[in-house]
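*Asks:* Below are the sequence and a predicted model for it; my questions follow.
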Amino acid sequence: MVHVNVRHTSHYTVVGNHLAQHRSLSLVAIGLALHIQSLPAGAKVGIKALTNRFPEGEVRIARALRELEEYGYLERSRERITGGRILTRTVSYNHPGATRPELSIPSPLPVPLPVQVPVPVSVPIPMAIPMAVPVPVPVPVPVPVRVSVPVSPPPAPERAPAPKPAPEPAPAPEPAPAPERAPGPVRAGRLRQDAADLLARLRVDDPRLLLSERAVRQLAPDVASWLDRGAAPEAVRRVLAADLPADLRHPAALLGHRLKESLPPYLPPPSPVFASARPDPLQNCDGCDRAFRAPAPGRCADCPPEGVAAA
């Protein structure tokens, strides 16, 4: 830890280490004693006043005050004043050991032990006696001489060209969403009126489906959307009035949920493939009055054409 200290010239309080480093007081009690010593004479230091000043509760404030009384930093007494009122007078001691010798204050820091300094001991070092060591004489060794002969490397085999990878098939385009079909103003007004009539008649199927006029106006656009998509009014009534819960309390909310969650899609336009695959309608033969399939009225294949006499 490193201290960065600035000398105070005003608005400061001198606190002894016997309080700041007290070994028996709690941290709340030390901080509370520091606050009380910084207040002017006559300030209120009751439990209610300190609770309003600090976030700690009454229990912690009262316990801290009892700790300060136990170690002599506070002295509280009850006195009766004029009018029969009783108040608590608090006396703060910034150094109980000096002003109240009957109290024993523990030392704030432990007494350091004497440090033992090692004494160097001189040890005699044996001296090495030099001895003559024979030096070997190097003997020349013949080095063989290598002659490099250029050797042409064998020709590299030709590599066959790698086959070209087959092109990946193009992904099929995603089908575009069906555009919303906005009905004309006349048809939209008619659909809105049919939807309102359908909602108003639901109470005939079940009396619990009695809707207010406001609920009918709110639900009519959703029902009109069903009718615009080709849903039959009877089918819409079955979806809305079937399988109702036994404890139905909010019929308008239930109907709105069913209208939004079960909305059918638009009917697709008729496909020409399916139209051409349909069989020809039945026709009555003008000659023999038998039924046969043909695109237009006329004679069957067994009867001669009109105007030709039978053989």
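*Replies:* Received, thanks. Numbers count the residues shown, from 1 in each chain.
*Asks:* what about Ala29, how many neighbours?
*Replies:* 25 (other Cβ atoms under 10 Å). Every residue, glycine included, has its C-beta placed from N, CA and C.
*Asks:* Could you check the pLDDT of it?
*Replies:* Predicted confidence (pLDDT) for Ala29: 91.
*Asks:* just the one 4 residues further on next, same as before
*Replies:* Among the per-residue scores, Ala33 shows a pLDDT of 91.
*Asks:* Tell me which residues are up against the helix or strand encompassing Thr88.
*Replies:* Element membership of Thr88 [criterion: DSSP states H and E] is strand 86-92. Residues outside strand 86-92 that contact it (Cβ atoms under 8 Å, 6 or more residues apart in numbering) are 33, 36-37, 45-46, 73-81.
*Asks:* And the buried ones among those residues, selectable in PyMOL?
*Replies:* Buried residues among the contacts of strand 86-92 (16 or more other Cβ atoms under 10 Å), as a PyMOL selection:
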select buried, resi 33+36+37+45+73+74
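*Asks:* Mind checking which of the contacts of strand 86-92 are in strands?
*Replies:* Leu74, Glu75, Arg76, Ser77, Arg78, Glu79, Arg80 (DSSP state E).
*Asks:* which residues touch the nearest residue to Arg293 once chain neighbours are set aside?
*Replies:* Excluding the flanking residues, the one nearest Arg293 by Cβ to Cβ, 6 or more residues apart in numbering is Asp280, at 4.2 Å. Listed by Cβ under 8 Å, 6+ apart, the contact set of Asp280 reads Arg293, Ala294, Pro295.
*Asks:* what about the second one, distance to Cys303?
*Replies:* Distance, Ala294 to Cys303, by Cβ to Cβ, to the nearest Å: 12 Å.
*Asks:* circling back to that earlier point, so which of the contacts of Asp280 is the closest to His11?
*Replies:* Of all those, Pro295 has the smallest distance to His11: 111.0 Å, by Cβ to Cβ.
*Asks:* which SS state does that closest one fall under?
*Replies:* Recorded secondary structure, Pro295: coil (DSSP: H, G, I helix; E, B strand; the rest coil).
*Asks:* Check Ala64 too.
*Replies:* Under three-state DSSP, Ala64 comes out as helix.
*Asks:* Show me the shaky parts of the stretch 51-200 of the chain.
*Replies:* Residues of the stretch 51-200 of the chain meeting the criterion pLDDT under 70: 100-184.
*Asks:* between Ala294 and Cys303, who's got more neighbours?
*Replies:* Per other Cβ under 10 Å, whichever of Ala294 and Cys303 has more neighbours is Cys303, with 17 against 14.
*Asks:* and the more buried one, that's in a strand?
*Replies:* No: going by three-state DSSP, the assignment for Cys303 is coil, not a strand.
*Asks:* residue contacts, the closest residue to it other than its chain neighbours?
*Replies:* Leaving out its chain neighbours, the residue that sits closest to Cys303 by Cβ to Cβ, 6+ apart is Gly287, at 3.3 Å. Contact analysis of Gly287 by Cβ under 8 Å, 6+ apart lists Arg299, Cys300, Cys303, Pro304, Glu306.
*Asks:* Check the gap between Gly287 and Asp280 for me.
*Replies:* Taken as Cβ to Cβ, the span from Gly287 to Asp280 is 18 Å.
*Asks:* same check, this time on Ser92
*Replies:* 116 Å.
*Asks:* residue contacts, Leu34?
*Replies:* Thr13, Val15, Leu19, Ala20.
*Asks:* So which of the residues you listed is the closest to Arg66?
*Replies:* Comparing the contacts of Leu34 against Arg66 with Cβ to Cβ picks out Leu19 as the nearest, at 16.2 Å.
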